[in-house]
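Undergrad: my questions are about this predicted structure, shown below with the sequence.
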Amino acid sequence: MDTDEFQAVLERMLQLRLDCPPDGDGATAPQDAPARPAAADDDHAKVKQSAAEWTEVLVGEMASAASMDDARRRAAKILEAFGGAVCTPAGHVLADKDRELANIRRQNSILKKAVLLQHRRHVEDEEKGRELQGQVAQHREQVRQLEADKYVLSMHLRNAGGGASMPGNFNPEVF
């Protein structure tokens, strides 16, 4: 394989990204990797920088290989390092997402309990309201009955007394 093919393969592998965070391009670079230049403004430039660095490492290792078996071993080592560089950030992102999901589930559980508690209180309040309305209706009926009894008694008093407020021959000034 020549340098252009390695460059193309590396660029395709880096474009996969495998859920890497946008600000990281790999946490575990191979030990033979050259120092990274200053970060570029856009993600595309980061991918290009990283691809160029990986290409340099790969080409350097292949050039120093003594045999085809040595080249295979070195390529496998580099690909493992590359896989680690891609998978490690993806693992961190996955762990972050798992923590967020656990937090959201915990909040959801709390909200469900709160809604259930509010619902129970609402049902109790409605029940108490119906009970109070029944008591009010019962008291109104008692008041109506008492007013009717009062009217009947006052009519009996008028009929029995012949129109006088007190029956009998009493001096009104005494009482």
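TA: Happy to help now that I have it. Numbers count the residues shown, from 1 in each chain.

Undergrad: in terms of secondary structure, what does the longest helix along the chain contact?
TA: In the chain, taking DSSP state H as the definition, the longest helix is helix 68-161. The helices and strands touching helix 68-161, judged by 3 or more C-beta pairs under 8 Å, 6 or more residues apart in numbering; DSSP states H and E, are helix 3-16, helix 43-63. All C-beta spots, glycine's among them, are computed from the backbone N, C-alpha and C.

Undergrad: low-confidence regions, this structure specifically.
TA: Along the chain, the parts satisfying pLDDT under 70 run over 1-2, 6, 10, 13-49, 162-175.

Undergrad: if you set the cut-off to 90 instead, what comes out?
TA: 1-95, 158-175 (pLDDT under 90).

Undergrad: what's the burial count for residue 62?
TA: Per other C-beta atoms under 10 Å, the neighbour tally for residue 62 reads 17.

Undergrad: report the separation between it and residue 83.
TA: According to C-beta to C-beta, to the nearest Å, residue 62 stands 18 Å off from residue 83.

Undergrad: repeat for residue 73
TA: 16 Å.

Undergrad: then residue 152?
TA: 101 Å.

Undergrad: now residue 131
TA: Residue 131 is 70 Å from residue 83, by C-beta to C-beta.
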